[in-house]
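Q: below are the sequence and a predicted model; questions follow.
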Amino acid sequence: MKLAAQYNKATLIITLIVLCSTAFVYYGAINYIVNKQLDHDLTEEVEEIADYIKLNQHLPAELDFEGDQTSFIKTDQKIAGMIFYDMPYHKNHGNKTESGRAVKTIVTLKGVNYVAIVAQSKEASENLTQLIICITVLLTAVLLLILALTNRYIFGGLWKPFYHVLAQLKAFNVADSDAISPNTTNIDEFKELNDAVTAMSARVKTDYENLKTFTENASHEMLTPIAVITSKLDTLIQDEKLKAEQFAQINDIYAATNKLSRLNQSLLLLVKIENDLINDTADFNLKNIILEKEHQLQELAQNKGIELIHILEDKEITANKYLIEILINNLFNNAIKHSEANGKLYIRLTTRELIFQNTGESALNGDEIFERFKKGHNSDGTGLGLTIAKNICNQHGYHLSYHFKAPYHTFKITF
């Protein structure tokens, strides 16, 4: 869930909780105010009754005071002050009952005490209370709607600088010449983010260029001494005066030099692939590449007695032809080198996948096989062939996987 949506959700939930919690207090406060107002009106009614008795020297008739219900009961008890309470209010002589408010007090006429009860209907007050509550609920709903719209559109606009920086980070490529451009904003936090991201991208590009230059220079400088060593070794090998032991030692040095040369080339190629420095593409048929590589490696397979069996369909792809040739070559070499003698190598190509299967004894570690310098105990390779193959597949959006089901090792490329 996005931060803005999470913030909106939290804001609305907290607002609803606060409103529901205060609703009871709000209702109690309104009810208290209404009762106080009714009690004030009833107090005035009692005072008018006392003035009426004092002036006319008799009790007023019931319902004489503006529709309020009054009753007088002769009593010997004494009640100090006035007592207010809620009671049912019978309207129109009992035909309709509604809630009411009443006051009870003692009035004296000619030395005789009477309990005077004055009741008023609360219908008008309750209607007013309900109207206030309805208006409040409506205003609350409008408030929540405005809050949601404000969070969605106004606050959403405030987050535009962040999404601008995020989009540039997603599209950032260290090999591109384009730098991250800061977005104009008045928000301090986003200004700091812009400055930090811009500075970070500049440092990354500088480090990348330095590393790229170092790698290219180091690889290039290594080629000259390796070529010199190889040339000298070629000259020494041709010397007929060499003893058998010397010849064997020179052959070992020659093999190590060739391995060093292959390692240098592989590391340089891997750096170029990982940094997307080889990105030109063309349309071609993958079947033709496989047949070409099969023809080139036919003799190597025959030397181990490996039977090559292929089932190839036409598969047109758009990719870097140079890298695809390296990919097929690495998979071919890997299958032939690690296949048991007199085994079989199956190659299947469909429109959806390419599969290399070679016979072998035990399964390899599928979690480590594509890592750098991971190779078998008896392998004389550089340990980078499958790593390069995996990176080429990743660059082109293919998926390279490995699994073992006796007696076959299977490498599968899913397009």
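A: Noted; the coordinates are in hand.

Q: tell me which helix or strand of this structure sits lowest on mean pLDDT?
A: Across the helices and strands of the chain, mean pLDDT, DSSP states H and E gives its lowest value to helix 155-158, namely a mean of 71.

Q: whichever helix or strand comes after it packs against which elements?
A: Downstream of helix 155-158, the next assigned helix or strand under DSSP states H and E is helix 160-171. Applying 3 or more C-beta pairs under 8 Å, 6 or more residues apart in numbering; DSSP states H and E, we find helix 160-171 packed against helix 188-237. Any C-beta I mention is one placed from the backbone N, CA and C, and that applies to glycine too.

Q: tell me what the helix it packs on is packed against?
A: Counting contacts by 3+ C-beta pairs under 8 Å, 6+ apart, helix 188-237 is packed against helix 160-171, helix 244-274.

Q: any idea of the angle the shortest one forms with helix 188-237?
A: Interaxial angle of helix 160-171 relative to helix 188-237 (axes from the mean of the first three to the mean of the last three C-alpha atoms, to 10 degrees): 10 degrees.

Q: from the middle of its chain, how far away would helix 160-171 be?
A: In terms of C-alpha atoms, centre = their mean, to the nearest Å, the centre of helix 160-171 is found 15 Å from the chain centre.

Q: for the longest one, same thing?
A: Computed by C-alpha atoms, centre = their mean, the separation of helix 244-274 from the middle of its chain amounts to 46 Å.

Q: go through that helix and flag the buried ones.
A: Within helix 244-274, the residues scored as buried using 16 or more other C-beta atoms under 10 Å are 250, 254, 257, 260-261, 263-270, 272-273.

Q: repeat that for the shortest one.
A: Within helix 160-171, the residues that count as buried by 16+ other C-beta under 10 Å are 161-162, 164-165, 168.

Q: that older thread, let me have the helices and strands packed on helix 188-237 in CSV, adding distance to Cys134 and mean pLDDT as columns.
A: What follows is the helices and strands packed on helix 188-237, written out as CSV (distance: least, C-beta to C-beta, whole Å; pLDDT from 0 to 100):
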stretch, distance to Cys134, mean pLDDT
helix 160-171, 39, 82
helix 244-274, 67, 80
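
Q: and those as CSV, adding distance to Asp283?
A: Putting those into CSV (distance: least, C-beta to C-beta, whole Å) gives the following:
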stretch, distance to Asp283
helix 160-171, 26
helix 244-274, 21
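
Q: what's the closest of the ones you listed to Thr213?
A: With respect to Thr213, and counting by C-beta to C-beta, the nearest of those is helix 244-274 at 11.4 Å.

Q: give me the mean pLDDT for the very next helix or strand once past the closest one.
A: Counting by DSSP H and E, the next helix or strand C-terminal to helix 244-274 is strand 282-285. Taken as a whole, strand 282-285 has an average pLDDT of 92.

Q: repeat for stretch 103-115
A: Taken as a whole, stretch 103-115 has a mean pLDDT of 85.

Q: nearest to Ala199, of the buried residues of helix 160-171?
A: Val165 (12.6 Å).

Q: ok, that closest one - contacts?
A: By C-beta atoms under 8 Å, 6 or more residues apart in numbering, the contact set of Val165 is 180, 183, 190, 193-194, 197.

Q: next: Lys304.
A: Lys304 makes contacts with 336, 339, 341-343, as judged by C-beta under 8 Å, 6+ apart.

Q: mark which of those are buried, thanks.
A: Among the contacts of Lys304, those buried by neighbour count (16+ other C-beta under 10 Å) are 336, 339, 343.

Q: quick check: the last one vs Leu349, distance?
A: Pointing back at Gly343 there. Distance check for Gly343 against Leu349: by C-beta to C-beta, to the nearest Å, it reads 20 Å.

Q: contacts for stretch 322-335, please.
A: Here stretch 322-335 has contacts from 269, 273, 278, 284, 286, 289-290, 293-294, 297, 317, 345, 356-358, 381, 385-386, 388-389, 392-393, 395-396, 409, 411, 413, using C-beta under 8 Å, 6+ apart.

Q: sitting in helices, which of those residues do you find?
A: Of the contacts of stretch 322-335, the ones assigned to helices by DSSP state H are 269, 273, 286, 289-290, 293-294, 385-386, 388-389, 392-393, 395-396.

Q: what about those, which one has the most neighbours?
A: Ile392 (26 neighbours; other C-beta atoms under 10 Å).

Q: in space, what's closest to Val271 - neighbours in sequence excluded?
A: Leaving out its chain neighbours, the residue that sits closest to Val271 by C-beta to C-beta, 6 or more residues apart in numbering is Thr215, at 5.2 Å.

Q: which ones are touching that neighbour?
A: Neighbouring residues of Thr215 by C-beta under 8 Å, 6+ apart: 267-268, 271.

Q: what's the closest of the residues you listed to Asn31?
A: Distance to Asn31 across the contacts of Thr215 (C-beta to C-beta) is lowest for Val271, with 79.1 Å.

Q: what ranges do the strands span in the stretch 1-150 of the chain?
A: Secondary structure of the stretch 1-150 of the chain by DSSP state E, counting those that start in this stretch: the strands cover 69-74, 83-91, 96-109, 112-121.
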